[in-house]
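Undergrad: with the sequence up front, the predicted model follows.
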Amino acid sequence: MTTLLKTGSARMRPRARLISLVGDELISDEPVAIVELVKNSYDADASQVEIRFEGGESGKLERIVVADDGIGMDLETVLDCWFEPGTISKRRNARSPGGRLFLGAKGIGRFASARLAENLALESRAKGQEGTVFVLLHWGRFTDESYLDEIEIDYEVRRARDNQHGTTLILEQLRKTDWGEKDFERLHARLTRLISPFQEISDFRILLNIPDYPQYSGEVQPPELILKPKYVLKGKLDDDGCFTGNILVDRQERKSFLSHKITGGNAKPLCGSFEVEVRAWDRDREGLGPLSESFGMGIQEIRRTLNNLCGVSVYRDGFRIHPYGEQGNDWLNLDHRSRQNPVLHLANNQMISAIRISREKNPELRDRSTREGMVLNEEHRALEIWFKGVLSLLEEERYRIRPRRKEEDDRVEPLFEALDIAMAASTARKELGKDHPVALMLSDTEKQVKIGIERVQEVFSRLLMSAGLGQMVDIVIHEIGAPLGKVNRQVVLIEKDMDKYCLEETKRLFFPKITDVKGWLEQIHNLRGRLEPQTPAKRGRATSFLVQEEIEDNFHLYESLLQKQGIKWQIEAQDSVSVKMSRASLGQILANLIDNSIYWIVDSKGSGNGGRIHVRLKPHDHGFRILFSDDGPGVPEEDQSRIFEPYFSTKRGGSGMGLGLYICRLVIEPYGKILYRDDVGKLLGACFEILFERKVGR
C-alpha cells in the first residue's frame, strides 16, 4: 500500500500569448480579419459599417478604422463580455436585441484586431447611455512571459459629445502596411460575397473608404456584370428531394420545375432542404462578346472579373461561410467533373453560385472550430451530391441550347491544320472586299469548317482516351493470368496440407472458407474469359457464335448488379440465330444497353426495388433484329433525338459521360442501325431496336 504524501488543487493559467496563437490560427489573412469585424457590427444591429484606410505621406497605411452605428456597449458589457475571450454571451441568446441571428458564437471575433495591428483603440457608446467607453489595447504586451490575468487594461468613460451610438475600432501600427491594388480588390470581392444574393438582408450596408483607390470605395455591391448572366437557375430543394424553381436564359424563362424529383426512389437529402441560385456564362468569345459591347469591357477584363467572384458559395442565415466560393476553392470538384465531360458540365470558373442554408433547417452542417469551412460529415457529403443533382438540370438545358463547346481561343490542333481555311478567307476579304460574293461564301464556309473541326477534335480526344483504356485492358487481361494461376495452385496446396496435418475441428472451420475462395477465383477466371474477346487485339475478329448465347453472357457480366436490384431479365427467341461476325461488336452494344437499363431502373424505382428487362430476338432476311426494352422511366420525347449524340447524358449529378449510346451507334454502323422505339417494346420503359442486316454471315 502506497503512502499519500500530498493533496491539493490548482488552476490552469493561460499565457497571454494565447491571444496571438488563437488569432493566427483562426484568422488566416487580413481580409478574413476585416470580415470578422464586419460580422461583429452586424451582430450589434448596425445598419451600416464603414471601413476606412488611412495613410501617411509615405504611401504606407497608418491605420484602419472600423466604425458602425450599432447598439454599442456600455462599461458593464465591455468588462463582462468584451474583456472575456471565448465569452458565451452570444450563446445565451441566439439573436441580437434587434432580432438578428448572431453570426459570431464563439467569442473570438475580437482576435481579428490582433491579427491586423499591434494597437487597438476602442470607442463605444451604448444606445440610450450618456457616456462613451474608451479602451486602449497594446497587443504587444501579451507576451510569452505574461499570463492573461496579469495584464491590466485601462479604460475611461467620458461624456458623449453627440447622440450617435455605435462602436469604432481604430487599428494602428498595422502588421501589414503595404496594401496594394490587388489586396483591395481581394478585400472588395470578399466583402461583395459576404452577404447572400438572396436579398433577405436589406438593412445592413458595408462601406469602404480607400482614398487611393476610388474604384473600390463606396457601398460594397457586386459589379453590374454579374447581374447579367447568360444562364440562371433559381429554386429550392425540399426535404423530400424535390426541386421547385426555374431556368432563365438571357433573362427569359426557359423551363420551370414543380416538385421535380432529383433522384429516383425515396431518397431524401440528409443535409436538409436548401435554396440555390446559379448564374453561369459561356466563357468563349462568342459568349462574352455581347457583355463586352454592353459594358465597354475587354474579354480578358470580363474573364478576370468572373475569376474574382466565381465559385459556389454557401450562405448560412444570410452570410457566407468561408472559404466556400473563394477564388480557386473548387470544393465540389467541378473542374474535374467538367474535364470528364467538357461539353455538358460547367466548370467552377463558369459560374457564380449560392447555396442558402440555415441553422434551423440544416443543424448538422456545422462550422469547423477553425472557422475554415464546415465539418466534413455525412450531411456535408449529401449537400455536395444533391447540389450537383440540381446543377445538372441547368447543364442539361444548356446542352440542349448549346450542344457544342467552343474553345476559348481559335487555335487549330496541328493534326487538323490542313482543314483550316482561315488564311484563304482572310486573303479573299482583303483582295476582293469583305462584301464580295466569293469573300462572303468563304467566310461562311470558314465558320462551318471551324465548327466541324471542333466537333471532330472533341470526339477524337475522347477516342484517344478510349484507345488508351483499351490498351490498358489488354495489359490487365494478359498480366492477370499468371498471378491468378499461382493463387489457384497455392489454394490447392493449402487444401492438401491442411487435409494432411490439421485436426478435424480445424478442417471443419477452414474448409468452407477455402471453398468460398475457390468459387471467387472461378468467378474472376470466368470474367477474364468474357472480357478477353473485348480487348483491342481481338475486337473486330469475325467468329461464328449463337446470338442468344452472347446476349446471355452479357447479362451474366452484370449478374451481381442485377441481383442487387432484384431485376428479372428474359430473352425471347423464336429460333436459334447463328452468325459469323465480330462478337465483340454485339457485346459492346448489349453491355451499354444493360448498364443504362440498370441505372434508370434503380433511379426510378429506388435501390433494391426490382425491375424488368426484356430482350426479343428475331431472324432477319440478311441478319437478325433485337428489341431491347425495360420498365424504367423511358426517354423523354424532347431528348429522343439527342441520345445518340456524343456527351449527351441526363444521368443524375453528372454521373454519365454521354458516350454509351454514341459508341453503340458507331459500332453498329458497318452492320446496320440502332433506333429508339418506344412503340414496339414489350415493356413500357425505354426500348431500342438493334438491326444487323449487313456483313452478317449466317
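TA: Great, that's in hand.
Undergrad: what about Lys605, distance to Asp239?
TA: 21 Å (CB to CB, to the nearest Å). (C-beta placed from N, C-alpha, C; glycine too.)
Undergrad: which one of those two has more residues nearby?
TA: Lys605 (20 against 10; other CB atoms under 10 Å).
Undergrad: measure that one to Asn349 for me?
TA: Relative to Asn349, and taking CB to CB, Lys605 is found at 38 Å.
Undergrad: and for Glu224?
TA: 19 Å.
Undergrad: okay, these two: which has more neighbours?
TA: Counted by other CB under 10 Å, Glu224 and Asn349 do not tie: Asn349 has more neighbours, with 20 against 9.
Undergrad: how about the residue lying closest to that one once chain neighbours are set aside, what does it touch?
TA: Ranked by CB to CB, 6 or more residues apart in numbering and with sequence neighbours excluded, the top spatial neighbour of Asn349 is Cys310, at 4.6 Å. By CB atoms under 8 Å, 6 or more residues apart in numbering, Cys310 lies in contact with 327, 348-352.
Undergrad: now render these as JSON lines, adding pLDDT and secondary structure.
TA: What follows is the contacts of Cys310, written out as JSON lines (pLDDT from 0 to 100; DSSP: H, G, I helix; E, B strand; the rest coil):
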{"residue": "Gln327", "pLDDT": "78", "secondary structure": "coil"}
{"residue": "Asn348", "pLDDT": "91", "secondary structure": "helix"}
{"residue": "Asn349", "pLDDT": "90", "secondary structure": "helix"}
{"residue": "Gln350", "pLDDT": "92", "secondary structure": "helix"}
{"residue": "Met351", "pLDDT": "92", "secondary structure": "strand"}
{"residue": "Ile352", "pLDDT": "91", "secondary structure": "strand"}
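Undergrad: do you know the pLDDT at Met117?
TA: Not quite, residue 117 is Ala, not Met. Predicted confidence (pLDDT) at Ala117: the value is 87.
Undergrad: identify the residues contacting it.
TA: Contacts of Ala117 (CB under 8 Å, 6+ apart): 63-64, 139, 171-175.
Undergrad: now do Asp178
TA: By CB under 8 Å, 6+ apart, the contact set of Asp178 is 60-61.
Undergrad: let me know the helix or strand that it is in.
TA: Counting by DSSP states H and E, no helix or strand carries Asp178.
Undergrad: how much space between it and His138?
TA: Distance of Asp178 to His138, given as CB to CB: 23 Å.
Undergrad: same thing with Gly697?
TA: 94 Å.
Undergrad: and Val38, by the same measure?
TA: Here the distance between Val38 and His138 works out to 24 Å (CB to CB).
Undergrad: with neighbour numbers in mind, choose between the two.
TA: Val38 (26 against 12).
Undergrad: where does the residue nearest to that one when sequence neighbours are not counted fall, secondary structure wise?
TA: Nearest in space to Val38, with sequence neighbours left out and distances taken as CB to CB, 6+ apart, is Val49 at 5.5 Å. Assigned by DSSP H and E, Val49 belongs to strand 48-55.
Undergrad: paired strands for that strand, with orientation please.
TA: Using DSSP bridges, the strands paired with strand 48-55 are strand 61-68 (antiparallel), strand 205-209 (parallel).
Undergrad: mind listing what's buried along it?
TA: Residues of strand 48-55 classed as buried: 48-53, 55 (neighbour count, 16 or more other CB atoms under 10 Å).
Undergrad: just stretch 356-363 next, same as before
TA: Buried residues in stretch 356-363, counted by 16+ other CB under 10 Å: 356-358, 362.
Undergrad: chain center to that stretch, what's the gap?
TA: Mean-position distance between stretch 356-363 and its chain equals 20 Å (CA atoms, centre = their mean, to the nearest Å).
Undergrad: surely Pro269 is in a helix?
TA: No - assigned with DSSP: H, G, I helix; E, B strand; the rest coil, Pro269 falls outside any helix and is coil.
Undergrad: looks like it contacts Leu237 (just checking).
TA: Yes - between Pro269 and Leu237 a contact is recorded at 6.3 Å, counting by CB atoms under 8 Å.
Undergrad: what residues are shared contacts of the two?
TA: In contact with both Pro269 and Leu237: Trp386, using CB under 8 Å, 6+ apart.
Undergrad: CA atoms only: put stretch 247-263 into PDB for me.
TA: These are the backbone C-alpha positions of stretch 247-263, laid out as PDB (Å, rounded to 0.1, in the frame of the first residue of the first chain):
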ATOM      1  CA  ILE A 247     -34.200  28.300 -65.500                       C
ATOM      2  CA  LEU A 248     -33.700  31.600 -67.300                       C
ATOM      3  CA  VAL A 249     -31.700  32.100 -70.500                       C
ATOM      4  CA  ASP A 250     -30.900  35.700 -71.400                       C
ATOM      5  CA  ARG A 251     -33.300  36.800 -68.600                       C
ATOM      6  CA  GLN A 252     -36.200  34.900 -70.300                       C
ATOM      7  CA  GLU A 253     -37.800  31.900 -68.500                       C
ATOM      8  CA  ARG A 254     -36.800  28.700 -70.400                       C
ATOM      9  CA  LYS A 255     -38.100  26.000 -68.100                       C
ATOM     10  CA  SER A 256     -39.800  25.600 -64.800                       C
ATOM     11  CA  PHE A 257     -39.900  22.800 -62.200                       C
ATOM     12  CA  LEU A 258     -42.600  21.900 -59.700                       C
ATOM     13  CA  SER A 259     -41.700  19.300 -57.100                       C
ATOM     14  CA  HIS A 260     -39.300  17.700 -59.600                       C
ATOM     15  CA  LYS A 261     -37.600  14.600 -58.100                       C
ATOM     16  CA  ILE A 262     -33.800  14.900 -58.300                       C
ATOM     17  CA  THR A 263     -33.100  11.300 -57.700                       C
END
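Undergrad: kindly reformat the contacts of Cys310 as TSV containing distance to Asp516.
TA: Output for those, formatted as TSV (distance: CB to CB, whole Å):
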residue	distance to Asp516
Gln327	53
Asn348	46
Asn349	51
Gln350	50
Met351	50
Ile352	54
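Undergrad: let me know the closest of these to Asp29.
TA: Checking the contacts of Cys310 against Asp29 by CB to CB gives Gln327 as the nearest, at 12.8 Å.
Undergrad: if I look at the closest one, how far off is Arg186?
TA: Per CB to CB, Gln327 is found 8 Å from Arg186.
Undergrad: now the common contact residues for the two.
TA: Common neighbours of Gln327 and Arg186 (criterion: CB under 8 Å, 6+ apart): Asn308.
Undergrad: any low-confidence regions in the stretch 451-600 of the chain?
TA: 451-486, 520, 523, 525-540 (pLDDT under 70).
Undergrad: all strands for it, in order.
TA: Assigned by DSSP state E, counting those that start in this stretch, the stretch 451-600 of the chain shows strands spanning 542-546, 567-573, 578-582.
Undergrad: the inter-axis angle of the last one versus strand 542-546?
TA: Interaxial angle of strand 578-582 relative to strand 542-546 (axes from the mean of the first three to the mean of the last three CA atoms, to 10 degrees): 150 degrees.
Undergrad: which parts of strand 578-582 are buried?
TA: Buried residues in strand 578-582 (16+ other CB under 10 Å): 579, 581-582.
Undergrad: show me what that strand is packed up against.
TA: strand 542-546 (3 or more CB pairs under 8 Å, 6 or more residues apart in numbering; DSSP states H and E).
Undergrad: using CSV, write down the CA coordinates of the strand it packs on.
TA: This file holds the C-alpha atoms of strand 542-546, laid out as CSV (Å, rounded to 0.1, in the frame of the first residue of the first chain):
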residue,chain,number,x,y,z
ALA,A,542,-15.2,-12.4,-87.1
THR,A,543,-16.2,-15.7,-85.3
SER,A,544,-19.2,-18.0,-85.5
PHE,A,545,-21.5,-17.9,-82.5
LEU,A,546,-25.1,-18.1,-81.3
